[in-house]
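Peer 1: This is a predicted model, with the sequence first.
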Amino acid sequence: MLVAGVVTLLIMALVPKETAHTGPPISMWNGVKAQRTTIVEDRNIHPIEQLSKAARKEFDTLKSKQSRSLHAAVQEYRRRYKIPPPPNFDKWYEFATENDVQFTDEYDNIHDALKPFWGMKPLAIRERVREALGYTGDNALIAIVIRDGKIVKNVGGPDWQRDMTADMMGSFIHLLPDVDLAFNVHDEPRVVVPHGELAQLLEIAEQKNMPAAFRKKDPFNTFSPQRPRDMGDGLKFPEYKTTRFNEYAHQATWVPSRLSCPPDSPARNMSDGVTDNSPAYSFSDLGFIYNMTAFTDICQSPSLRHSHGFFDRPNAYKLSHELIPIFSQSKVSSYQDILYPSPWYYYGKTVTDQPRKTHLPQYDEKADMAWTKKQTSLWWRGTTTGGFSRNGGWRYHHRQQFVDKASKPNLFNIMSQEQRDDEVARPWLVQETPRDKYSKLMDIHFTGAGQCDPADCDEQRKFFEIAKPVNSQDAWSYKFLLDIDGNAFSGRFYAMLKSYSNVYKMALFREWHDAWLRPWVHYVPLSLKGNEYLETVRYLAEEKEGQAMAENMAIESKEWAGKVLRNVDLEAYFFRLLLEYARLVDDRRADIGFEM
């Protein structure tokens, strides 16, 4: 909430002091550390300019602090995580530096995702993977089994996902021990551990098992040489007639999704009329997003129950409330899935060394054009994915709400300064304006209705102005492109970042790259409420400072994507993740690790 004059927003945590949690901090299981910038709001400077400058300063500082030697990387690892790096960390560092990977230290989300598993015995973790992969029904999982530095079993799921996941580990698989891996076939995440049980696991990890590993002097820089007896040759799993996963497709998921939230968080509040903790992430009167970590933390926003399709009725959903190591491509903050780089984004090579056809249309630079030749509009085309609609449920889905707000002739909020001849600073003030005045700035349309009962599909076709399907390369004709969640992550983000356009992103789902791609530096974040939609586009399209900012962001995001979203960057992240996971399931994990 803002008061008159200058307001100081201390972005020092996910939750302001007045709503601080008594239990473990939310970020402990959200997987992404909060931005820690301090912003002082000055009403004489547009909020977007303030946010951009603060984000730029923070990002430049982050890049400058990266470790420049193996010794420094080991010391930083020990400082952050209070355990030694895993075996073969030196091989990972060599791989990262030889391939000019930009970040050597920013892997906190790996540590946060795996920390609860330090509260389990390695044997128990391995057993749960075998149960999940050996279930005689359909758990919608891909099984990748590594023995003697090679994949001996790769089954389940679609061919492209299996093959590209295997390709992504090809350059380092010989450095991994024998391990069984379970990959989620669905877009939607699937593991939520209740808060009490999660807190117990974290307590065991932090108070007992991790300190034991940290105290070990001269750990062995090798995984256990002998395969555990329970693992076998990996060619066949024992059969299990029961599963820890329950089927929830086309059912409401808000209640199970919030179970890992602290009991005193807004999402767990049972009172009527409880509101979102929006001061934790929104800035200025229009609510521009300043903290993506807090914005994507569902524990802070009970309104998501009725504003995102995933919580109304996901299209596919298999859920467990027990901690199982499932690798997923994206997740909501309250889930304990382990994020890995999506094979959706990865371009592999076939055995004939010819480029493989990817599952998504890719960015074609020949179809792109210079910034000055692009149309000045925010552009998006897509379908009504994002949840399954029944009994009018589409009205509570995020894509439908966004398209409705962006395209209907309602009153919109913009910000303006009083025009005067003197040079006295003038505040930016909110005013209402008819959308028609700025109709050309928004070109947002559905091209079809799907994932709905027949009646609901018909309703949506009548309610929305359905546009004709387009070629995906048509997007590059516009300066501003929208990336928005579908059933989970949208899958368009990388292609957009590689273009000469400016990317706007409305996303609740988190991905592996969240620490590497920064809001207001590489993309423009948007809220679900939408009070700031028009002003964000208007400022970057019409104001002199905004126009320069938008073009610079488009250029920088393209250059940065070329440095951190290469195949080798995904491989480097995956390499480090699997080294960490392999240590977790090693019976001697307290005795192994890398030391200089």
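Peer 2: Right, received. Where do you want to start?
Peer 1: where does this protein have low pLDDT?
Peer 2: 1-38, 348-361, 420-422 (pLDDT under 70).
Peer 1: can you list the domain ranges for it.
Peer 2: Listed domain ranges for the chain are 67-251+313-354+567-596, 365-566 (source: automatic domain parsing).
Peer 1: The ones you listed: which one's closest to residue 304?
Peer 2: Closest approach to residue 304 among the domains of the chain is made by domain 365-566 (7.2 Å; Cβ to Cβ). For the C-beta atoms, the positions are set from N, CA and C on the backbone; glycine is no exception.
Peer 1: can you tell me the distance between the two ends of that closest one?
Peer 2: The first residue of domain 365-566 is 15 Å away from its last residue (Cα to Cα, to the nearest Å).
Peer 1: likewise stretch 204-221?
Peer 2: OK, stretch 204-221 end separation, Cα to Cα: 24 Å.
Peer 1: Could I get the buried residue list for it?
Peer 2: Buried residues in stretch 204-221, defined by neighbour count with 16 or more other Cβ atoms under 10 Å: 205-206, 209-210, 213, 216, 219, 221.
Peer 1: With distance to residue 266 added, can I get the domains of the chain in CSV?
Peer 2: Listed next are the domains of the chain as CSV, based on distance: least, Cβ to Cβ, whole Å:
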stretch, distance to residue 266
domain 67-251+313-354+567-596, 13
domain 365-566, 15
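Peer 1: So what touches stretch 383-395?
Peer 2: For stretch 383-395, the external contacting residues (Cβ atoms under 8 Å, 6 or more residues apart in numbering) are 249-250, 308-315, 397-401, 446-453, 456-457, 459-460, 485-487.
Peer 1: go again using 6 Å as the cut-off
Peer 2: 250, 309, 312-315, 397-400, 448-453, 456, 460, 486-487 (Cβ atoms under 6 Å, 6 or more residues apart in numbering).
Peer 1: And for stretch 401-420?
Peer 2: Residues from elsewhere that reach stretch 401-420 (Cβ under 6 Å, 6+ apart): 286, 426, 428, 430-433, 435-436, 442, 444, 530-531, 534-535, 538.
Peer 1: Equivalent analysis for stretch 233-250, please.
Peer 2: Residues outside stretch 233-250 that contact it (Cβ under 6 Å, 6+ apart): 130-131, 133-136, 139, 145, 147, 152-153, 313, 316-320, 322, 388.
Peer 1: One more: stretch 424-440?
Peer 2: Defining contact as Cβ under 6 Å, 6+ apart, one finds that stretch 424-440 is touched by 43-44, 46, 285, 409-418, 534.
Peer 1: Out of the residues you listed, which comes closest to residue 93?
Peer 2: Each of those was scored against residue 93 by Cβ to Cβ, and residue 46 proved nearest at 42.3 Å.
Peer 1: Distance of the closest one relative to residue 59?
Peer 2: The spacing between residue 46 and residue 59, counted by Cβ to Cβ, to the nearest Å, is 20 Å.
Peer 1: Now do the strands in the stretch 351-500 of the chain.
Peer 2: For the stretch 351-500 of the chain, the strands defined by DSSP state E, counting those that start in this stretch occupy 375-383, 411-416, 429-434, 442-448, 478-484.
Peer 1: Deepest-packed of those, please.
Peer 2: Of these, the one with the most neighbours on average (mean count of other Cβ atoms under 10 Å) is strand 478-484, at a mean of 24.
Peer 1: Can you list the strands that it pairs with?
Peer 2: Strand pairing for strand 478-484, determined by DSSP bridges: strand 375-383 (parallel), strand 502-506 (parallel).
Peer 1: Can you identify the element that follows the shortest one toward the C-terminus?
Peer 2: Beyond strand 502-506 on the C-terminal side, the first helix or strand identified by DSSP states H and E is strand 524-525.
Peer 1: Go through the very next helix or strand once past that following strand and flag the buried ones.
Peer 2: Going down the chain from strand 524-525, the next helix or strand is helix 533-542, by DSSP H and E. Residues 533-541 are the ones in helix 533-542 that count as buried (16+ other Cβ under 10 Å).
Peer 1: related to what we said a few turns ago, nearest approach to residue 281 belongs to which of the domains of the chain?
Peer 2: Closest to residue 281 of the domains of the chain, according to Cβ to Cβ: domain 365-566, at 8.3 Å.
Peer 1: list the contacts for residue 511?
Peer 2: Listed by Cβ under 6 Å, 6+ apart, the contact partners of residue 511 are 330, 489.
Peer 1: try it again with 8 Å
Peer 2: Counting by Cβ under 8 Å, 6+ apart, residue 511 makes contact with 329-330, 339, 342, 489.
Peer 1: circling back: closest to residue 271 out of the buried residues of stretch 204-221?
Peer 2: Ranked by distance to residue 271 (Cβ to Cβ), those are led by residue 206 at 31.9 Å.
Peer 1: Distance-wise, check that closest one relative to residue 74.
Peer 2: Counting by Cβ to Cβ, the gap from residue 206 to residue 74 is 21 Å.
Peer 1: for residue 533, same thing?
Peer 2: Distance of residue 533 to residue 74, given as Cβ to Cβ: 46 Å.
Peer 1: same deal with residue 332?
Peer 2: Distance, residue 332 to residue 74, using Cβ to Cβ: 33 Å.
Peer 1: quick revisit: can I have the buried ones of the contacts of stretch 233-250 as a ChimeraX selection?
Peer 2: Buried residues within those, by 16+ other Cβ under 10 Å, are selected in ChimeraX with:
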select :130,131,133,134,135,139,145,147,153,313,316,317,318,319,320,388
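Peer 1: Take the contacts of stretch 233-250 and keep only those in helices.
Peer 2: Among the contacts of stretch 233-250, the ones falling in helices (DSSP state H) are 130-131, 133-134.
Peer 1: on that earlier part again, with distance to residue 278 added, can I get the strands of the stretch 351-500 of the chain in CSV?
Peer 2: Shown next, in CSV, are the strands of the stretch 351-500 of the chain (distance: least, Cβ to Cβ, whole Å):
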stretch, distance to residue 278
strand 375-383, 23
strand 411-416, 16
strand 429-434, 16
strand 442-448, 24
strand 478-484, 20
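Peer 1: picking that back up, quick one: which two of the contacts of stretch 424-440 are the most distant?
Peer 2: For those, with distances taken as Cβ to Cβ, the pair at the greatest spread is 44 and 409 (32.2 Å).
Peer 1: looking at the sheet around the residue nearest the centre of the chain, what are its partners?
Peer 2: What sits nearest the mean C-alpha location of the chain, by Cα atoms, centre = their mean, is residue 510, with 1.7 Å. Per DSSP bridges, the residues bridged to residue 510 are residue 331.
Peer 1: so how far is residue 164 from it?
Peer 2: Taken as Cβ to Cβ, the span from residue 510 to residue 164 is 21 Å.
Peer 1: Please apply the same query to residue 464.
Peer 2: 34 Å.
Peer 1: Who has more neighbours out of these two?
Peer 2: Neighbour count, other Cβ atoms under 10 Å: between residue 464 and residue 164, residue 164 has more, with 23 against 18.
Peer 1: any idea which element the more buried one lies in?
Peer 2: Per DSSP H and E, residue 164 falls inside helix 159-168.
Peer 1: what's that helix packed up against?
Peer 2: In terms of contacts (3 or more Cβ pairs under 8 Å, 6 or more residues apart in numbering; DSSP states H and E), helix 159-168 is packed against strand 141-147, strand 150-155, helix 567-584.
Peer 1: Let's see that with 6 Å instead.
Peer 2: Counting contacts by 3 or more Cβ pairs under 6 Å, 6 or more residues apart in numbering; DSSP states H and E, helix 159-168 packs against strand 150-155.
Peer 1: so what's residue 503 up against?
Peer 2: Applying Cβ under 6 Å, 6+ apart to residue 503 gives the contacts 481, 483, 496-497, 523.
Peer 1: ok, the residues you listed vs residue 575, which is closest?
Peer 2: residue 497 (22.5 Å).
Peer 1: wait, what's in contact with residue 482?
Peer 2: Per Cβ under 6 Å, 6+ apart, neighbours of residue 482: 378, 380, 504.
Peer 1: give me the beta-bridge partners of the last one?
Peer 2: Taking DSSP bridges as the rule, residue 504 bridges to residue 482, residue 524.
Peer 1: shouldn't it be in contact with residue 524?
Peer 2: Yes. With contacts counted by Cβ atoms under 6 Å, residue 504 reaches residue 524, the gap being 4.5 Å.
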